[in-house]
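Asker: would you be able to build a 3D model of this:
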Amino acid sequence: MSRKPRTILIAVSVIIGIWAVALGGYLMAQKAKLTADMVSQYGHTLDFSKLTGKERAEALRALEDKINRLSMEERRRWREEGEWREWFNSLTEAEKGQFIEATMPTGFKQMLNAFEVMPEDRRKRAIDAAIKRMKETPDLGTGRNPNEDASMYTTNAPPNLSPDLEKKALTIGLKTFYSESSAQTKVELAPFFEELQHQMESGRPFRQN
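Answerer: Next up is the predicted model:
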């Protein structure tokens, strides 16, 4: 075989090999990609009332890991389905706190610190922008837990800060407000906190029209 055809053959073989590796990686990534339904199905297999000790702790950590691997859209879908309430409500207060800390979005604590030093008018603009976005896009929310105090929410779904809670967040700062909230309040208002973080990171509430 002459040198030129051999060179072409080698080049074609290399290209085919690269595409095969890329395709294999893509298929593996798709297979490994978690969805809201997959996490919900896993949650259905757990009965925390029958789990104790190391087995219980490992099951909770596995749940936390799966939730942290969800994309933002899938995490919102998973929360919106509401099936997580069954196992979440069976956790102890300490476990609820651990779960919330472990599944905080990246940069969440930095957002709280940034909000803390903002003037009150900018805090209000950020909160208003997050609430407006959630009202315009209902699937960002989760629906209110009927066992929760209705004063936490407005009459509109998805769950938002009531005027009283919004005033408290503005006056004492979101960091203090968050730290003083119960685990149940934190998880119920997670969509609001995540949307507020998104608004602040995008800078949209502070742009001049």
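Asker: mind giving me the packing neighbours of the host helix or strand of E58?
Answerer: Applying DSSP states H and E as the criterion places E58 in helix 53-68. On a contact count with 3 or more Cβ pairs under 8 Å, 6 or more residues apart in numbering; DSSP states H and E, helix 53-68 meets helix 36-44, helix 93-102. C-betas here are computed from N, CA, C, even on glycine.
Asker: what about those helices, which gets the closest to R79?
Answerer: Closest approach to R79 among these (Cβ to Cβ): helix 36-44, 8.2 Å.
Asker: buried sites along the closest one?
Answerer: Neighbour-count burial for helix 36-44 flags 36, 39, 43 (criterion: 16 or more other Cβ atoms under 10 Å).
Asker: can I get it in CSV, CA atoms only?
Answerer: Output of helix 36-44 as CSV, limited to C-alpha atoms (Å, rounded to 0.1, in the frame of the first residue of the first chain):
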residue,chain,number,x,y,z
ALA,A,36,-36.5,14.2,39.1
ASP,A,37,-38.4,10.9,38.5
MET,A,38,-35.4,8.8,39.3
VAL,A,39,-34.8,10.6,42.6
SER,A,40,-38.5,10.3,43.5
GLN,A,41,-38.5,6.6,42.7
TYR,A,42,-35.4,6.2,45.0
GLY,A,43,-37.2,8.1,47.8
HIS,A,44,-40.2,5.6,47.5
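Asker: ok so, going back, can the buried residues of helix 36-44 go into a markdown table with extra columns for pLDDT and distance to A62?
Answerer: Shown next, in a markdown table, are these (pLDDT from 0 to 100; distance: Cβ to Cβ, whole Å):
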| residue | pLDDT | distance to A62 |
| --- | --- | --- |
| A36 | 88 | 16 |
| V39 | 90 | 10 |
| G43 | 89 | 10 |
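Asker: okay, the helices and strands packed on helix 53-68 in JSON lines with distance to L70 next?
Answerer: Shown next, in JSON lines, are the helices and strands packed on helix 53-68 (distance: least, Cβ to Cβ, whole Å):
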{"stretch": "helix 36-44", "distance to L70": "7"}
{"stretch": "helix 93-102", "distance to L70": "13"}
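Asker: ranges for the helices of the protein?
Answerer: 3-32, 36-44, 53-68, 72-81, 84-88, 93-102, 108-116, 120-136, 163-172, 174-180, 183-188, 190-202 (DSSP state H).
Asker: mean confidence for the third one?
Answerer: In this model, helix 53-68 carries a mean pLDDT of 93.
Asker: which residues are contacting that helix?
Answerer: The contact list for helix 53-68, computed with Cβ atoms under 8 Å, 6 or more residues apart in numbering, reads 34, 38-39, 42-43, 46, 48, 51, 75, 78, 87, 91, 95, 98-99, 102-103.
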